[in-house]
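Asks: the following block contains a protein sequence and its predicted model.
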Amino acid sequence: MLTTRIALRYLFSKKSHHAVNIISAISVCGVAVATAAIVVVLSVFNGFTRLSQLQLSNVDADLKLTPLEGKFISDEDSIVNTIASLDGVKSAAAIIEERAMLVGRHCQQPVIIKAVDADYEQVVDLGAIIIDGVYTPSVDSCDAMQISVGVANRTGLRPSLTTAADLYVPRRQGRINPANPAASFRSAALIVSGVFEADNPEADNDRVVVPLAVAQRLLDCDDAATAIEVSFADAASADAVTSAVTALCGRRFKIEDRYMQQEESYRMIEIEKWVTFMMLVLILVIASFNIISTMSLLVAEKRADMSTLRALGASRQMVRRIFVAQGFLVTVIGGAAGIVVGIVLSLLQEHFGLIKLQGDPSALTIDAYPVAVEAVDILVVALAVLIVAAVTSQITRLFTKNIE
């Protein structure tokens, strides 16, 4: 198109005033830097999201079933056996999750108990995250529990065969005697056999793993559970297994995959990501103001050329389209350069870890900022650049209204 060819010639040719060249280069660089920043920041958010997914996989089952009505599942044995028989299912196990009070010799702390049976290691390998002691449901005929690293730090409890801690939960049945408040609780004494660290703040904060029979006794719910967790076989299709379990139990249970089990955490990361994106787009818009000022200078410089084009038969609309096209091209070229630079920087960080995290390396899961480039983000950034370019080019029309 003729107008585009003339716009490109104006863009790359030397101007009579050297200042116009400098301002044009600064405008393109400003858009490029802002666009590259958007790509890099979005990629860093993607990296932290993937890191969270890897960390959650240490403690979350592939699927979790919770009742839609009520809290307890009374026929969990038959449901577990039925689910375990499905193709693609490696194992299924009933669990109980409930709040309790952990009381040690010199301290006490509210905790969340997760009660599991002997087959639960087929669902989640808890032994792999033990950092002190061992994973075992009992030691020398005594019930044992495993505490998270956060609980261990606050209570001072460590694996020991001689020191026990008590778990207290309110009685589910019976009346409360104000004269004897202790009678309103049921308790169980367990020794600490291990301390685990899942590299997940929620799991490492106040989680305690106990035998399923202990929790059923404390809660007066023999042969009942609050949830069923399922693991997939290695070669199984996650979507196919999820569909099969949903078809079997979807009417009675809420079925959640790993993402849905931590939906709030992921949603917060997504919200932060796109709020940051909008803020950076605002910076891109501000950077485009330089392009508008550059175009006003260029229009003033090319008035003689405009008169020549008009004398050669070019219409006012054609002359206007030349400068509109140039404003669009300047923004697009700067945005394209920024996208390329952002991708290159993100890939360098992903493969070489150029920027390190601050802190004690022994206490960090990773030593460099995690980065992951996603095609969807690049398309969104490109769309934002095109929108800004379109707006910038239309504003340029204001400077060409008085073309003779």
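Replies: Arrived safely. What you see is a predicted model; the values in this text were computed from it and never measured. Numbers count the residues shown, from 1 in each chain.
Asks: what ranges do the helices span in the stretch 151-300 of the chain?
Replies: Across the stretch 151-300 of the chain, reading from the start of the chain, the helices by DSSP state H, counting those that start in this stretch fall at 201-206, 212-218, 238-249, 258-261, 263-301.
Asks: mind listing what the residue nearest the centre of the chain touches?
Replies: Central residue of the chain (CA atoms, centre = their mean): Thr49, 3.1 Å from the mean position. For Thr49, the contacting residues are Tyr266, Ile269, Glu270, Lys273, Ala372, by CB atoms under 8 Å, 6 or more residues apart in numbering. Glycine gets a C-beta too; all of them are placed from N, C-alpha and C.
Asks: repeat that for 10 Å
Replies: Thr49 makes contacts with Ser265, Tyr266, Ile269, Glu270, Lys273, Pro370, Ala372, Glu374, as judged by CB atoms under 10 Å, 6 or more residues apart in numbering.
Asks: between these, which sits nearest Val344?
Replies: Using CB to CB, Ala372 is the member of the contacts of Thr49 that sits closest to Val344, with 14.8 Å.
Asks: state the distance from the closest one to Pro201.
Replies: Here Ala372 is placed at a distance of 21 Å from Pro201 (CB to CB, to the nearest Å).
Asks: buried set for the longest strand anywhere in the chain?
Replies: Ordering each strand of the chain by length in residues (DSSP state E) puts strand 89-103 first. By neighbour count, and taking 16 or more other CB atoms under 10 Å as the criterion, the buried residues in strand 89-103 are Val89, Ser91, Ala92, Ala93, Ala94, Ile95, Ile96, Glu97, Glu98, Ala100, Leu102, Val103.
Asks: show me the shaky parts of the stretch 1-150 of the chain.
Replies: The stretch 1-150 of the chain contains residues with pLDDT under 70 at 1-21, 55-58.
Asks: also the stretch 301-404 of the chain?
Replies: Answering for the stretch 301-404 of the chain: the residues below the bar, that is pLDDT under 70, span 301-316, 319, 359-365, 399-404.
Asks: how about the helices of it, start to end?
Replies: Taking DSSP H, counting those that start in this stretch as the criterion, the stretch 301-404 of the chain carries its helices at 303-311, 316-352, 375-396.
Asks: can you spell out which helices and strands pack onto the last one?
Replies: By that I understand helix 375-396. Packed against helix 375-396 by the contact rule (3 or more CB pairs under 10 Å, 6 or more residues apart in numbering; DSSP states H and E) you find helix 18-56, helix 263-301, helix 316-352.
Asks: and the angle from the first one to helix 316-352?
Replies: Taking axes from the mean of the first three to the mean of the last three CA atoms, to 10 degrees, one finds helix 18-56 and helix 316-352 inclined to each other by 40 degrees.
Asks: could you list the buried residues of helix 18-56?
Replies: Neighbour count says helix 18-56 has 20, 23-24, 27-28, 30-49, 51-52, 55-56 buried, by 16+ other CB under 10 Å.
Asks: how many neighbouring residues does Trp75 have?
Replies: I think there's a mix-up here, since residue 75 is Asp and not Trp. 11 (other CB atoms under 10 Å).
Asks: ok, it - contacts?
Replies: When contacts are counted by CB under 10 Å, 6+ apart, Asp75 is found next to Asp223, Ala224, Ala225, Arg252.
Asks: dump the residues you listed to CSV, plus distance to Ala233, pLDDT and neighbour count.
Replies: Converted to CSV, the contacts of Asp75 look like this (distance: CB to CB, whole Å; pLDDT from 0 to 100; neighbours: other CB atoms under 10 Å):
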residue, distance to Ala233, pLDDT, neighbour count
Asp223, 28, 80, 12
Ala224, 28, 87, 18
Ala225, 23, 93, 30
Arg252, 24, 90, 14
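Asks: distance to Ala389 for those residues - can I get that in JSON lines?
Replies: Written out in JSON lines, the entries for these read as follows (distance: CB to CB, whole Å):
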{"residue": "Asp223", "distance to Ala389": "66"}
{"residue": "Ala224", "distance to Ala389": "62"}
{"residue": "Ala225", "distance to Ala389": "58"}
{"residue": "Arg252", "distance to Ala389": "54"}
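Asks: so what pairs up with Ile96 in the strands?
Replies: Beta-bridge partners for Ile96, by DSSP bridges, are Ala115.
Asks: before we move on, back to that, Val124: which of the helices of the stretch 301-404 of the chain is closest?
Replies: Once CB to CB is applied to the helices of the stretch 301-404 of the chain, the stretch that comes out nearest is helix 316-352, at 28.9 Å.
Asks: helix 263-301 and that closest one, what's the angle between them?
Replies: If you take the same axes, to 10 degrees, helix 316-352 sits at 140 degrees to helix 263-301.
Asks: just the buried residues of helix 316-352, please?
Replies: Of the residues in helix 316-352, those buried under the neighbour-count criterion (16+ other CB under 10 Å) are 319-335, 337-339, 341-343, 345-346, 349-350.
Asks: repeat that for stretch 263-270.
Replies: Of the residues in stretch 263-270, those scored as buried under the neighbour-count criterion (16+ other CB under 10 Å) are Ser265, Tyr266, Ile269.
Asks: for stretch 193-202, same thing?
Replies: Within stretch 193-202, the residues scored as buried using 16+ other CB under 10 Å are Ser193, Gly194, Val195, Phe196, Glu197, Ala198, Asp199, Asn200, Glu202.
Asks: related to what we said a few turns ago, next, the angle from the longest strand of the chain to helix 238-249.
Replies: With the same axes, to 10 degrees as the basis, strand 89-103 and helix 238-249 are set at 70 degrees to each other.
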